[in-house]
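Colleague: curious how this folds, go ahead:
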Amino acid sequence: MATLLIFLPLFLLTSLPVSISQTSSNNAGDCNGIFITYVYVSGFPIPPNVSASEPNNQAYNFMSNLTILNNSPDELKSWRVFVGFQHRELLVSASHAVLADGTTLPGDVGNGTVFAGFPNTDLKSAIQTAGDVNQMQTRIELVGTQYGVAFPAVPLPSSISLANDGFLCSPSTSQGDRTQVCCLKDSNTKSNVTIHEEIQPRQEGDLTIMFDVTSSSESNYWAQVTISNNDNTSRLDNWKLSWEWIRDEFIYSMRGAYPTVVDTGDCIFGKQGGYYKGMDFSKALNCEKRPTIIDLPLEKTNDTTLGMVPFCCRNGTILPPFMDASKSKSAFVMQVYKMSPDLNISAIHPPQNWKINGTYSPGYVCGPPVRVSSSLFPNPAGLSSNTAAVASWQVICNISSSTLKKPKCCVSFSAFFNDSVIPCNTCACGCSNANPSNVCSASEPALLLPPEALLVPFDNRTEMAKDFNKRRDLPNPLPCGDNCGVSINWHLLSDFRGGWTARVTLFNWGDTNIVDWFAAVQLDKAIQGFEKGYSFNGTIMPDTNNTIYMQGFSGLNYLLAERRGDNPRIDPPVPGTQQSVISFTKKTTPGINVGAGDGFPSKVYFNGEECSLPVILPSGSNRRVPLASSPFSLLLTMLVLMVLQLSLWLEI
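Modeller: Down below sits the predicted model:
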């Protein structure tokens, strides 16, 4: 027994797994990487006071410190740290840092957030600074509100870690009022940045924003902002761009875009007016801490005062590069005035907390600006040389994967072997304007419809739906509509031995025309058989093996708005429509079962928005097999195509 007691500690010590977790220690000196600590400092209950039966709803102030120390041999560029807040935290302030997703404080961080350094984005190593901890370390003082954790309990995060690529972090550990972690360089990752570089390599994203300073003086500088869409299935319409000035800058003049509000009151009554006493602020544009910028209309393109900027003035539309590369970016220039202590030619700080959105575009989450190599511009004198920007920063924005966002378009399915149409799902695009208890049901599945009902607004389909479904018991109240601005019908038109066809119809139920529309249809098993789109321009998207990209031909790229019926008293409104047949061969897709599902899309996008799809497919119970499989079906399809082509020529 005595021998066992002697060797037991040795056995336990040698049996511990050898991993990165061994580098985690209470002492920063034991970590030869990036040592991160989160320390809770203090807190107290704040109003309103809630009853003792609801302790989880009591709000508390909290003050904490987040410290990042670089003990690695290399400089840490553009540090980013994830803090896994877990107590419904609302962050009010953070010194020497910003939220990496562009959220402006105060902001909700209850599901965790990533901090990025500002204005000091980099941490030098001890080797570079002879051990100067002031250059190796940054400390962020956090103040905010959390719920439900009262003294003596401590509201610590669930985890903390370094968010930079190329690092591996051990599991964070918590004890008392502290959470800490050590992160080491991943030996399997090769970095493109050396300790001698002052800039970061350019990155790729769904959308990139370049902030290029083209000229600089002691008190002001000119900057060009370029927004580039890099995603082939998304677009922006009526884009709005905003950022946050961190060092009291203000916009004096602009070309190629304009602020939504021209307001210099914050300058006149602020420190800017006290310093620039001789400036006529009536000629300035905007002094808001967070301005919002919009594009100019097309007619301002060649305006010598407001326009004359390449890629400007397109009513806020940025198309996918695959659709039109020349219209996939937007740009403007602005003159920015600085304030003390930045009144020297080299003191330039890009704005932070960038955000961009549009009326018909996906949601984007933008990271902090990162210093990159200077952009090159064509020589203004027309010489065969380029002019480099004074300094350039890149902002990467990626499409948010939030599942809470409601779609703006929906798809209905129909087929030649069934007389009914499976319409868009109930409340596919939301039911915020409906009262399910009195007007309609948001939970009942949509009723099957006759094909002619697709041309009628939902509010006018009631009698048609009742008559078509008279053999079944109808719910009371009836299901709500889809509330989608755009609907798409995918109709399986024919299925014969050598191939098959589908008819795609677009319906615009909105009150504005949709210009330069496009749609992307994902067919997982049929794409290799795609032959041609007849009234649409259909192309297989590059870098994919399952998606057809469709857009209108020149002159037919408008999806007109809904208009009033010919006799408004008795006729319902008529949607704007576009329609085309697309054909497929079976030679390259042997074994395809078109009617059983292979001929229906798995995803549909319209103008970058993913559309809602029906949950069921058309039933084959009413299948008219002899017609579908006979040569007559092929002849019928050809006649349909000829009629469509004839109507196209007549419209032209």
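Colleague: what about stretch 296-308, average pLDDT?
Modeller: Average pLDDT, stretch 296-308: 95.
Colleague: next one: stretch 399-409
Modeller: Mean predicted lDDT for stretch 399-409 stands at 74.
Colleague: repeat for stretch 177-189
Modeller: Stretch 177-189 comes out at a mean pLDDT of 89.
Colleague: now do it: distance to the chain's middle.
Modeller: Here stretch 177-189 is found 29 Å from its chain centre; the criterion is CA atoms, centre = their mean, to the nearest Å.
Colleague: just the buried residues of it, please?
Modeller: R178, T179, Q180, V181, C182, C183, L184, K185 (16 or more other CB atoms under 10 Å). In this view, the C-beta of every residue, glycine as well, is placed from N, C-alpha and C.
Colleague: could you dump those residues to TSV with distance to P157?
Modeller: Below are those laid out as TSV (distance: CB to CB, whole Å):
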residue	distance to P157
R178	11
T179	6
Q180	11
V181	11
C182	16
C183	15
L184	21
K185	24
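Colleague: contacting residues for the nearest residue in space to Q203 that is not next to it in sequence?
Modeller: Excluding the flanking residues, the one nearest Q203 by CB to CB, 6 or more residues apart in numbering is I396, at 5.2 Å. The neighbours of I396, taking CB atoms under 8 Å, 6 or more residues apart in numbering as the test, are Q203, E204, G205, L207, T208, C366, G367, V370.
Colleague: out of these, which comes closest to K603?
Modeller: Distances from K603 to the contacts of I396, taken as CB to CB, are shortest for L207 (20.6 Å).
Colleague: in the sheet, who's paired with the closest one?
Modeller: Note on L207: beta-bridge partners by DSSP bridges are N229, C397.
Colleague: how many neighbours does it have?
Modeller: 25 (other CB atoms under 10 Å).
Colleague: what pLDDT is listed against it?
Modeller: pLDDT, read off for L207, is 96.
Colleague: ok, the nearest residue to D237 once chain neighbours are set aside to I548 distance?
Modeller: Counting by CB to CB, 6+ apart, the nearest residue to D237 once its immediate chain neighbours are dropped is Y360, at 4.4 Å. Distance from Y360 to I548, counting by CB to CB, to the nearest Å: 21 Å.
Colleague: so the residue nearest to D237 makes contact with K408?
Modeller: Yes - using CB atoms under 8 Å, Y360 is in contact with K408, at 6.7 Å.
Colleague: which residues do these two both contact?
Modeller: Common contacts of Y360 and K408, defined by CB under 8 Å, 6+ apart, comprise E609.
Colleague: for N70, which non-adjacent residue is closest in space?
Modeller: L123 (4.0 Å).
Colleague: among the buried residues of stretch 177-189, which two are most distant?
Modeller: R178 and K185 (24.2 Å).
Colleague: what comes into contact with stretch 331-343?
Modeller: With CB under 8 Å, 6+ apart, stretch 331-343 has contacts from 214, 218-227, 247-257, 271-272, 275-276, 293, 295, 309-312, 347-349.
Colleague: run the last query once more with 7 Å
Modeller: Residues outside stretch 331-343 that contact it (CB atoms under 7 Å, 6 or more residues apart in numbering) are 218-226, 247-257, 271-272, 275, 309-312, 347, 349.
Colleague: now stretch 278-295
Modeller: Outside stretch 278-295, the residues that reach it (CB under 7 Å, 6+ apart) are 104, 239-242, 244-245, 250-254, 257-268, 272-273, 313-316, 330.
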